[in-house]
Structure formats: structure tokens, C-alpha cells
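J.: dropping the sequence and predicted coords here.
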Amino acid sequence: MSETVWFLVVGGMMLARGLTATVLQNSLVTPAMLYLALGILLGPTVLNFFHFNPLQESALLEVLTEIVILISLFAAGVLLGAILAPTDPVLATDVQTRHPGDREPMRFTLTCEAGMNDGSAFPFMMLGLGLLGLHDLGEFSMRWVLVDVVWATAAGVSIGLLAGRMLARLAHRLRSLQGHDLMDNFLGLGLIGVVYGLSLLVDAWGFLAVFFAAVSLRQTEFRLAGLREDRCRAESTEGETEADVNTHPHDALPSVSDGSLIFKEQLERLSEMMLILLIGGTLFLDSWSLSAVGLALFLFLVVRPLSVFVGLLGTQTSWSVRAMVGWFGVRGIGSLYYLMYAIQHGLSEEISLELVSLTLIAVTLSIVVHGVSVKPLMARFMLHREA
């Protein structure tokens with residue numbers, strides 16, 4: 001498509017998405033399903049206005065998916081930090097205002113997994129590349145164990161925890177200065193960039209670092225907010241009771257994570273729209289092979305539920321929560337990123353084409369089947385929990 005048509009398509013999608021927010025919220029159709037349908041319509045499957053070739057554009061797609069994952073991990077880590085906070089008055093306000101019911105165990109489990117799995121999959125990606133001769137595993141795979149597993153994981157987690165804590169404390173101290181305002185959006189994005197850059201510099205897993213930076217930032221802000229609230233109660237002026245202080249703790253205690261989360265949610269939605277449109281533009285009719293569809297169904301119906309069952313053994317998680325978590329193993333941008341990463345590291349064209357076909361069909365079917373089922377299943381699940 002020409003540059004003019006791209007502007008019209010993307011601009012029209014953004015306008016339509018903004019104008020139909022309430023309609024989509026009450027519909028079984030998800031935004032991702034609409035983006036995918038438009039991509040298929042404009043792509044080689046139907047009108048053939050454009051064809052996005054993931055092999056030729058693997059470098060670009062790797063960068064795009066990398067950015068989306070970083071933004072998503074930061075947003076997930078902020079929410080997980082709020083969920084993990086002990087009985088703090090800010091906790092209930094933050095969770096209920098943004099996503100009512102996020103303290104529910106099923107949401108907690110999915111949020112925790114979403115934040116962890118993108119980063120924790122990297123060592124296994126490197127192992128696979130090593131077995132194909134595209135990465136040095138070392139003698140008896142010791143280099144892989146010591147560098148790719150132990151060092152890269154520990155360093156990424158440490159960088160994230162330390163950076164999040166330092167930013168929270170610095171922002172807290174600057175806010176205490178009279179007349180000193182902060183730009184929370186810039187601070188949040190800056191934290192992502194610095195943490196990820198430091199991780200690349202020392203060969204640590206940057207995705208894990210960004211996620212733990214967000215968790216550390218949020219947890220440190222909660223702890224500092226508790227100290228400040230205690231000080232406010234001790235210094236309350238005549239005529240202002242402790243109840244008066246408790247009615248507006250969130251307004252009195254701004255935070256980097258609160259101030260930047262909404263902005264990052266908008267960036268995430270915009271990125272999702274563009275990438276899923278490109279997914280639709282990669283598919284041909286003959287992309288739908290029996291092997292690709294069969295693999296996707298095997299992942300959804302066997303591998304995912306079985307792995308959740310094994311992973312939750314020994315816990316007190318209810319069977320209803322296990323069933324929901326077992327079903328909603330959504331494939332998406334993370335899968336695309338790892339695919340592009342592998343292609344960029346020297347996969348043969350034959351293997352690349354096979355993996356592209358299998359991955360795109362799995363992601364496409366996930367968008368459809370999980371998108372269609374999420375609202376009715378969630379409604380039924382919440383009714384069951386209330387009962």
C-alpha cells in the first residue's frame with residue numbers, strides 16, 4: 001500500500017477504536033479480532049493490498065515486538081506490585097479503579113505468569129539455537145548453564161530490583177521539595193530504556209529486568225507512601241482528623257507508576273493494533289495447513305492445561321481457577337518476538353518458513369478462540385466466585 005493509504009487505514013482504525021470503545025466492551029468481539037480481520041481483508045488472503053513478509057522484515061518486526069513486550073512487561077509489573085502489596089489503603093483504590101477484581105487469584109496467577117514467562121523463556125531459546133549450532137553452549141553445555149541461565153537471569157533481576165527502588169526513592173525525595181514537579185511518563189519510559197540498556201550491556205535478560213524494575217518501583221512507592229502517611233497523621237493540624245488524612249491518601253501521594261501507567265496502556269493498545277494488522281497481512285489461504293492448526297489445538301487443549309495442572313500441584317488453588325488459567329494461555333507478541341529473534345540469529349530459510357507458518361497460525365487462532373471465549377467465561381467465572 002502507498003503511504004497515503006497507510007495513513008488512512010491506521011488513522012481510520014484509531015478513530016474507529018476510540019469511538020466504539022463502549023460497544024466493544026459489551027461485545028463478544030475483541031479489538032484484536034477486528035485488527036486481525038482487517039489485516040486479512042487487506043492482505044494477500046482477500047484484497048492483496050499489501051503483503052508483510054516476516055522473513056524479509058524480521059529485523060523490523062523483532063524491534064517492534066521487542067518494544068511492545070517491554071511496555072507490556074512494565075505495565076504488568078506495576079499491577080503485580082499493587083496486588084502483592086499488603087493491606088495498604090492505596091492498594092484497594094489502585095486495583096479497583098483501574099481493573100476491578102484484580103486481587104482475584106485467577107487474575108493474580110495470569111498477571112504473574114505474563115510478567116515472568118517472556119523473560120524466563122530466553123534461556124530455552126538460546127538452548128534451542130545452540131542445538132542447531134547457532135549459539136555456543138560450551139563443553140557439556142556449561143557455558144549455557146552458567147552464562148545464559150544463572151548469570152543472565154540473576155543479573156537481570158538484580159538490575160531491575162535496584163533500578164526500580166532507586167527511582168522510587170529519588171522521585172519521593174524530589175516530590176518532597178516545594179514546587180518540584182515530575183513528568184511521570186518520561187520517568188517510566190526512561191526507566192524502561194535505562195534498565196533494558198544496562199541489561200544488554202552486561203548480557204542480562206532485559207525483559208526480566210524491566211518487569212522486576214516495575215515491581216520494585218511499585219513496592220518501594222507503597223512502602224514510602226506508608227511512611228509518609230504516618231508522618232502526615234503525626235503532623236495533622238488542628239481540625240483535621242486521622243480520617244480526613246485517610247480519605248485522600250492517593251491524591252496526596254502521587255507516584256511514578258500511577259502517573260505513567262495509563263500512558264503506557266495507550267501505547268500498548270496502539271502497538272497491538274499495528275502488529276496484529278501486520279499478522280493478518282502475512283497470511284495466505286494455504287497458510288492454514290493441518291499440521292499448523294493441529295499444533296495450535298494441541299497447545300491450547302493439551303499442553304497448556306497439563307502444564308498448569310503440574311505447575312499448581314501442591315497449591316490451594318481452586319479447580320475453577322486452574323481451569324480458567326489452563327484455558328487462557330494466550331499466544332501473541334511474545335511468540336512473534338522470539339520467532340524473529342531466532343530468524344535474525346541465522347535460522348535456515350526452510351526452518352524459518354516452517355516456524356513462521358506454525359507460529360502465525362497459533363497466534364491467529366489464539367486471538368480468535370481466546371477472544372471469543374474471554375467475556376462469557378469471565379462472566380460465568382465471576383458469578384461462580386460470588387456464589
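T.: Received it, and whenever you're ready, just let me know what you need.
J.: where does the residue nearest to the spatial centre of the chain fall, secondary structure wise?
T.: Central residue check for the chain by CA atoms, centre = their mean: the C-alpha nearest the mean position is that of Ser72, 3.3 Å away. Element membership for Ser72 (DSSP states H and E) is helix 58-84.
J.: you'd agree Leu161 is up against Phe212?
T.: Yes - if you go by CB atoms under 8 Å, Leu161 and Phe212 touch, sitting 5.3 Å apart. Every C-beta, even on glycine, is put in place using the N, C-alpha and C of the backbone.
J.: which one's more surrounded, these two?
T.: Taking other CB atoms under 10 Å, Leu161 and Phe212 do not tie; Phe212 has more neighbours (27 against 18).
J.: for the stretch 1-150 of the chain, which segments count as strands?
T.: Ranges of strands in the stretch 1-150 of the chain, per DSSP state E, counting those that start in this stretch: none exist.
J.: show me where it has its helices.
T.: Taking DSSP state H, counting those that start in this stretch as the criterion, the stretch 1-150 of the chain carries its helices at 3-19, 21-25, 31-42, 58-84, 89-98, 105-120, 122-131, 142-143.
J.: separation between the residue nearest to the centre of the chain and Leu167?
T.: Applying CB to CB, to the nearest Å, the value for Ser72 to Leu167 is 19 Å.
J.: now tabulate the helices of the stretch 1-150 of the chain in CSV and tack on mean pLDDT and distance to Phe52.
T.: As requested, the helices of the stretch 1-150 of the chain are exported to CSV (pLDDT from 0 to 100; distance: least, CB to CB, whole Å):
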stretch, mean pLDDT, distance to Phe52
helix 3-19, 81, 12
helix 21-25, 82, 25
helix 31-42, 90, 8
helix 58-84, 70, 8
helix 89-98, 30, 33
helix 105-120, 75, 23
helix 122-131, 89, 23
helix 142-143, 96, 36
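J.: which of those helices sits most buried?
T.: Neighbour counts (mean count of other CB atoms under 10 Å) averaged over each of the helices of the stretch 1-150 of the chain peak at helix 58-84, with a mean of 22.
J.: quick one: low-confidence ranges for the protein?
T.: 1, 75-77, 79-103, 227-254, 259, 261-262 (pLDDT under 70).
J.: tell me which residues in whichever helix in it runs longest are buried?
T.: Longest among the helix segments of the chain by residue count, using DSSP state H, is helix 349-386. By neighbour count with 16 or more other CB atoms under 10 Å, helix 349-386 contains the buried residues 352, 355-367, 370-371, 374, 381.
J.: tell me what that helix is packed against?
T.: Counting contacts by 3 or more CB pairs under 8 Å, 6 or more residues apart in numbering; DSSP states H and E, helix 349-386 is packed against helix 31-42, helix 256-280, helix 290-298, helix 319-327, helix 333-344.
J.: Gly156 is nearest to which of those?
T.: Gly156 lies closest to helix 333-344 among the helices and strands packed on helix 349-386, at 15.9 Å (CB to CB).
J.: show me what that closest one is packed against.
T.: Contact analysis of helix 333-344 by 3+ CB pairs under 8 Å, 6+ apart lists helix 58-84, helix 105-120, helix 122-131, helix 256-280, helix 349-386 as its packing neighbours.
J.: so which other helices or strands are in contact with the second one?
T.: Spelled out, it's helix 105-120. helix 58-84, helix 206-234, helix 319-327, helix 333-344.
J.: what is the neighbour count of Leu295?
T.: There are 18 residues near Leu295, going by other CB under 10 Å.
J.: ok, now which ones touch it?
T.: Leu358, Ile361, Ala362 (CB atoms under 8 Å, 6 or more residues apart in numbering).
J.: how near is the second one to Met33?
T.: By that I understand Ile361. 15 Å.
J.: for the helix or strand harbouring His172, packing partners?
T.: Assigned by DSSP H and E, His172 belongs to helix 152-175. In terms of contacts (3+ CB pairs under 8 Å, 6+ apart), helix 152-175 is packed against helix 122-131, helix 184-201, helix 206-234, helix 256-280.
J.: looking at those, which is nearest to Ala37?
T.: Closest among the helices and strands packed on helix 152-175, using CB to CB: helix 256-280, at 7.0 Å.
J.: and that closest one, how far from the chain's centre?
T.: 10 Å (CA atoms, centre = their mean, to the nearest Å).
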